[in-house]
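S.K.: pasting the sequence and the predicted coordinates here, then a few questions.
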Amino acid sequence: MGIDNRVTLSNGVKMPYLGFGVFKLGDGEETINAVKVALQTGYRGIDTASYYGNEESVGRAIKESGIPREELFITSKVWNDEQGYNATLAAFERSLERLGTDYLDLYLIHWPVPGLFTETWQALEKLYHEGKVCAVGVSNFEPHHLEAISRVSNVKPVINQIEFHPELIQGEVRDYCRSKGIQVEAWSPLKRGQVLNEPIIQAISECYGKTTAQVVLRWCLQHDIILNVKSSRAERIKENADLFDFELTKEEMGEIDSLHSDSRIAHHPDNMEFYEKTVPGFVKSEYSS
Ligand code: NDP
């Protein structure tokens, strides 16, 4: 496996294993510079979202890179306050315009907003049938959310992008997705740097002469999980792509798995308070039975 490797999603679309995430990169120079370094390094997947407020800068970096659009794999996401059928169709057009492209490779529902996400999915289904997006998927979905989608649609999500790192190995969601042919993609695979001082990971990194970040990212890849990693620094962007000249043993994979403590950096997807804060007019009591 190398930096160019792609996984074939259930609808036949090929997606790079290595993706560059842009959450928390400032709109303007910071995003433009980081995305350009990532593209020069060989990343071809870029993960953004309307919520990140930097789609325009991502689009500018892509244009200035000179890399043909068809070589790239661009993901964006519909935010919580944009959900619902018509609102999602409009949000998608705004993302396209900001990114300066006439199609997306992948469009995701950012979070499963109760009472809205099935309608939102039907909008994604329309965009997919119209050829405006090559693949559609979800993010932060639990099995019960995926079941709800399967009851209203014949189009299956190809991706579930979830929080995944050594302290949150998401056994149940991964098993469910595997059984349904849904590819799992990690967000915050480094737990935003919080797992990099773990003694087990440090010991493994010394054996291979790699950094702890490289060991964690390699562990994700060997779990057959698509990577989505962010850095604002050129040297780390390069470091995080240098993952293809070593292989962890089964025992080392197990040691890293054993760090699981069910510890999240974001909300559990069933946390109603989160939706009250992110969806205007959302009333928790209407949805919690
Ligand atoms: P990551 O796990 O990718 O960690 C990023 C943090 O780790 C940054 O603070 C970065 O600092 C630091 N870092 C990066 N590389 C290294 C390294 N080699 N050594 C030491 N520190 C390092 O977290 P993110 O939350 O950014 O997740 C990745 C992407 O996933 C996001 O950018 C976004 O695209 C997506 N995401 C999706 C979510 C969803 O709900 N679907 C939620 C959150 C993220 P520095 O920049 O200073 O290098």
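M.R.: Perfect, I can see it now. What you see is a predicted model, and the numbers here were worked out from it, not measured in a lab.

S.K.: okay, strands next: where are they in the protein?
M.R.: Listed in chain order, the strands of the chain (DSSP state E) span 6-8, 14-16, 18-21, 45-47, 73-78, 104-109, 133-139, 159-163, 183-187, 227-229.

S.K.: turn these into JSON lines, columns for distance to the ligand and mean pLDDT.
M.R.: Yep, even glycine has a C-beta here, placed from its N, CA and C like the rest. JSON lines is the format used below for the strands of the chain (distance: least, C-beta to the nearest ligand atom, whole Å; pLDDT from 0 to 100):
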{"stretch": "strand 6-8", "distance to the ligand": "17", "mean pLDDT": "98"}
{"stretch": "strand 14-16", "distance to the ligand": "14", "mean pLDDT": "98"}
{"stretch": "strand 18-21", "distance to the ligand": "2", "mean pLDDT": "98"}
{"stretch": "strand 45-47", "distance to the ligand": "4", "mean pLDDT": "98"}
{"stretch": "strand 73-78", "distance to the ligand": "6", "mean pLDDT": "98"}
{"stretch": "strand 104-109", "distance to the ligand": "7", "mean pLDDT": "98"}
{"stretch": "strand 133-139", "distance to the ligand": "4", "mean pLDDT": "98"}
{"stretch": "strand 159-163", "distance to the ligand": "5", "mean pLDDT": "98"}
{"stretch": "strand 183-187", "distance to the ligand": "3", "mean pLDDT": "98"}
{"stretch": "strand 227-229", "distance to the ligand": "4", "mean pLDDT": "96"}
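
S.K.: TSV for these, including mean neighbour count and distance to residue 248?
M.R.: Output for the strands of the chain, formatted as TSV (neighbours: other C-beta atoms under 10 Å; distance: least, C-beta to C-beta, whole Å):
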stretch	mean neighbour count	distance to residue 248
strand 6-8	14	19
strand 14-16	19	21
strand 18-21	26	17
strand 45-47	25	22
strand 73-78	26	26
strand 104-109	25	28
strand 133-139	24	26
strand 159-163	24	21
strand 183-187	23	16
strand 227-229	25	15
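
S.K.: the ones you listed into CSV, with extra columns for distance to residue 273?
M.R.: Converted to CSV, those look like this (distance: least, C-beta to C-beta, whole Å):
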stretch, distance to residue 273
strand 6-8, 35
strand 14-16, 33
strand 18-21, 25
strand 45-47, 26
strand 73-78, 21
strand 104-109, 19
strand 133-139, 19
strand 159-163, 17
strand 183-187, 20
strand 227-229, 26
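
S.K.: got the contact list for residue 2?
M.R.: residue 244 (C-beta atoms under 8 Å, 6 or more residues apart in numbering).

S.K.: for the closest residue to residue 119 other than its chain neighbours, give me its contacts.
M.R.: Excluding the flanking residues, the one nearest residue 119 by C-beta to C-beta, 6 or more residues apart in numbering is residue 85, at 4.7 Å. Each residue near residue 85 by C-beta under 8 Å, 6+ apart is listed here: 119, 120, 122, 123.

S.K.: again, only this time at 10 Å
M.R.: 116, 118, 119, 120, 121, 122, 123, 124, 126 (C-beta atoms under 10 Å, 6 or more residues apart in numbering).

S.K.: any idea how far apart the tips of stretch 251-268 sit?
M.R.: 30 Å (C-alpha to C-alpha, to the nearest Å).

S.K.: again with stretch 138-154
M.R.: Per C-alpha to C-alpha, the first residue of stretch 138-154 is 15 Å away from its last.

S.K.: ok, now stretch 180-198?
M.R.: 33 Å.

S.K.: list the buried ones in that stretch?
M.R.: Using 16 or more other C-beta atoms under 10 Å as the test for burial, stretch 180-198 gives 182-191, 195-196, 198.

S.K.: from those residues, pick the one nearest residue 150.
M.R.: Proximity of these to residue 150 (C-beta to C-beta) peaks at residue 182, which lies at 10.5 Å.

S.K.: hmm, residue 175 and the closest one touching each other?
M.R.: No. Contact between residue 182 and residue 175 fails when scored by C-beta atoms under 10 Å: they sit 11.0 Å apart.

S.K.: nearest spatial neighbour of residue 257, chain-adjacent residues omitted?
M.R.: Using C-beta to C-beta, 6+ apart, the nearest residue to residue 257 is residue 169, at 5.8 Å.

S.K.: any idea how far that neighbour is from the ligand?
M.R.: Distance from residue 169 to the ligand, counting by C-beta to the nearest ligand atom, to the nearest Å: 15 Å.
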